[in-house]
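Engineer: Build me a model:
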Amino acid sequence: MSDGTGNIKKKPMLGEAEWEIMTIIWEEGRPLTSTFIMEHLAGRAWALSTVMTVLARLCNKGFVHCDRSGGLNQYTAVISGAEYRERESQAFLKKAYGNSIANMVAALTDSGAVSDEEIDRLREILNRN
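Structural biologist: Numbers count the residues shown, from 1 in each chain. Next up is the predicted model:
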């Protein structure tokens, strides 16, 4: 992605509050109102103004589109959850492990963060390819 001057623009990341709101939008998979989103924030008592502020940031970052044509603002995801997770996973792998999945898996297994069941699941995935 270029900024028009030949410089590569860094793609925006989601902050914690943005992630929570995007999760609701991704899970519902349909246009949502800010009130619906506010009511579905798990265990959080957010003011509507806070939700609106986060939604405005998400619109500015290009994650959400706001349709103002009806009586209510309707928010829809521009990028899917799978696309975002893939992009962020690749960026993390590159930054933290020099783009080496083997280095990442080794670090996780050496630290005990990966269970035997997860190792078996990784083997299954690798054997399919």
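
Engineer: Name the residues of the lengthiest helix in the chain that come out as buried.
Structural biologist: Using DSSP state H, we find that the single longest helix of the chain is helix 81-97. By neighbour count with 16 or more other CB atoms under 10 Å, helix 81-97 contains the buried residues Tyr84. (Each C-beta comes from the backbone N, C-alpha and C, glycine too.)

Engineer: which helices and strands sit right next to that helix?
Structural biologist: Helix 81-97 makes packing contacts with helix 16-28, helix 101-110 when contacts are defined by 3 or more CB pairs under 8 Å, 6 or more residues apart in numbering; DSSP states H and E.

Engineer: looking at these, which is buried most?
Structural biologist: helix 16-28 (a mean of 16; mean count of other CB atoms under 10 Å).

Engineer: Name the surrounding residues that touch stretch 14-26.
Structural biologist: Identification of contacts with stretch 14-26 by CB atoms under 8 Å, 6 or more residues apart in numbering yields 32, 37, 40-42, 44, 50-51, 54-55, 57-58, 61, 63-64, 75-77, 80-81, 84.

Engineer: List the residues that contact Met104.
Structural biologist: The neighbours of Met104, taking CB under 8 Å, 6+ apart as the test, are 93, 96-97.
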